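**Q** dropping a prediction and its sequence here:
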Amino acid sequence: MVKEFNAFEMAQRQFDAVADKLQLDAGIRDLLRWPQREYHFTIPVRMDDGSVKVFRGFRVQHNDARGPAKGGIRFHPQETVDTVRALATWMTWKCAVVDIPLGGGKGGVICDPHHLSPREQEAVCRGWVRQVARNIGPLQDVPAPDVMTNPQHMVWMLDEYEKIAGGHFPGVITGKPVEVGGSLGRTEATGYGVIYTVREALKRKKIKVEGVKASIQGFGNVAQYAAKLLIELGGSVVAVSCWDNDDRAAYTYAKADGIDADFLLSITDRFGTIDKDKAVKAGYKIEGGDDWIAKDVQVLIPAAIENQVTAETVKRVHRNVKIIAEGANGPTTPEADAVLKERGVYVIPDFLANAGGVTCSYFEQVQCNTNFFWPKVEVLQRLDQKMTSAFNAVADLADDAGEYMRDAAYMIAIQRVATACHLRGWA
Ligand code: NAD
């Protein structure tokens, strides 16, 4: 029988490999391989038809040695506690690699919000908070939106928490609308963050950003803002791609002299799908879904979904590609990663390249906790500083120790968390 993929086992294996490199001792390994705390609970909801449905919910706090746990809440029909554990572990490393004073957490509810009315969704959100209100908080654990949860869900959760806690605690949850304590700049943060790291990588490769060419997979939140900023810095994007739900297929939208990001945005829906007919009329070439990866560019940015740079597609990566910045989570399979390593492609790993989002969430938390909100330009300036210094710390280690960027990023993150645990006397 084929063994089912288990994300948490994979997260533990990744950790073990880095722990070997860092020669961590047995106590700290045992501590960091497992979540510190988990809450499993039921959420009874009175449905619109009068019946009661009981949903299963989780919150996992992987490690909070460096600060309150941080991580999203997913609503997904196939949610499993092992997926939530893995994602919580990866959040610990992501917060550590960008050096923000937060740990790692993740939550979930087994449900499909598409089949719930807004009132039922509100009841799930409020029920989730009632079960963990004592275990989350601005100084304990700070949830955020994730797969199939959105800013409205976060406001319902905040409201329920504040009712229970008896006061205003906007720093308990991030990803809120700006009107209720959200941060300016959050929409741009992840895509811009990707490009801040690309800009720094280009400097190391002695390639001028002016005139650099990139090809991007996806045209959703991350890809759109990555494209916009790269173009603003003087580069061009010769292709983007997206999923077309009507055709149940992906397409690449190519323009040899560079896309006009604002125009493409004007013909893109809120799910990141570009209108094919309007694109063709404007001179875009429509190509196969995987063709974005074969472009003669210096920079590739997979910013759509996981498992896209595979043993097969990696063969099509053009010899001129110098940098791959992983905007998406887990876009590269281990087999393709080995090929890129061998070919000497400079890969900026996902948990570093796309950490702009969580960094901005941290800024949201800081602004909420101090009840003082920054203008957008200040948010983006601080984001640039954080991403730039995080990138340079990893790139320095990679250069000095001759490590692959992904390995260097894990080494820095895990060492930081291990040190915090040691200093606290935990292991
Ligand atoms: P999104 O839903 O806004 O956009 C996804 C885009 O990918 C859409 O354009 C969609 O059409 C396209 N797409 C989907 N399947 C595709 C396929 N097979 N081929 C080509 N294109 C395809 O999502 P997003 O927020 O931009 O997130 C993209 C990735 O970045 C995800 O892996 C997400 O986990 C990761 N990420 C996002 C954030 C964030 O702040 N938004 C932060 C960290 C990581």
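**A** Received, thanks. Residues are numbered from 1 along each chain as shown.

**Q** which residues of the chain lie near the ligand?
**A** 190, 217-223, 241-243, 250, 272-273, 289, 303-305, 327-329, 354, 357 (C-beta under 6 Å from any ligand atom). Every C-beta, even on glycine, is put in place using the N, C-alpha and C of the backbone.

**Q** quick one, domains of this protein?
**A** The chain breaks down into these domains under automatic domain parsing: 37-171, 187-353.

**Q** now tabulate those in CSV and tack on mean neighbour count and distance to Arg29.
**A** Output for those, formatted as CSV (neighbours: other C-beta atoms under 10 Å; distance: least, C-beta to C-beta, whole Å):
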stretch, mean neighbour count, distance to Arg29
domain 37-171, 20, 13
domain 187-353, 19, 20
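
**Q** including mean pLDDT, could the ones you listed go into CSV?
**A** Listed next are the domains of the chain as CSV, based on pLDDT from 0 to 100:
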stretch, mean pLDDT
domain 37-171, 97
domain 187-353, 97
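
**Q** quick one: closest of those to Ala427.
**A** domain 37-171 (9.5 Å; C-beta to C-beta).

**Q** next one: the closest one to chain centre, how far?
**A** 16 Å (C-alpha atoms, centre = their mean, to the nearest Å).

**Q** for stretch 27-46, same thing?
**A** 21 Å.

**Q** name the residue of the stretch 251-400 of the chain that lies nearest to the ligand.
**A** Proximity of the stretch 251-400 of the chain to the ligand (C-beta to the nearest ligand atom) peaks at Gly272, 2.5 Å away.

**Q** which residues touch that residue?
**A** 218-221, 223-224, 242-243 (C-beta atoms under 8 Å, 6 or more residues apart in numbering).

**Q** among the residues of the chain next to the ligand, which lie within helices?
**A** Those of the residues of the chain next to the ligand mapping onto helices are 190, 221-223, 357, per DSSP state H.

**Q** can I get the residues you listed in a markdown table including distance to Ile110?
**A** Compiled in a markdown table, those are given as follows (distance: C-beta to C-beta, whole Å):
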| residue | distance to Ile110 |
| --- | --- |
| Thr190 | 26 |
| Asn221 | 25 |
| Val222 | 26 |
| Ala223 | 29 |
| Gly357 | 24 |
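
**Q** ok, so of those, who is nearest Lys315?
**A** For those, the nearest to Lys315 is Ala223 (23.1 Å; C-beta to C-beta).

**Q** leaving out sequence neighbours, find the closest residue to that closest one.
**A** Ala303 (4.0 Å; C-beta to C-beta, 6 or more residues apart in numbering).

**Q** for that neighbour, list the residues it contacts.
**A** With C-beta under 8 Å, 6+ apart, Ala303 has these contacts: 191, 194, 216-218, 220, 222-223, 226, 327-328, 331.

**Q** separation between it and Asp16?
**A** For Ala303, the distance to Asp16 equals 29 Å [C-beta to C-beta, to the nearest Å].

**Q** look up phi and psi at whichever residue of the stretch 101-250 of the chain sits closest to the ligand.
**A** Residue nearest to the ligand within the stretch 101-250 of the chain (C-beta to the nearest ligand atom): Gly220, separated by 1.7 Å. Main-chain dihedrals, Gly220, degrees, to the nearest 10: phi -100, psi -150.

**Q** wait, what's in contact with the closest residue to Thr268 other than its chain neighbours?
**A** Distance criterion C-beta to C-beta, 6+ apart; nearest residue to Thr268, sequence neighbours excluded, is Ile274 at 5.0 Å. Ile274 is in contact with 219, 240, 242, 251, 253, 264, 267-268, counting by C-beta under 8 Å, 6+ apart.
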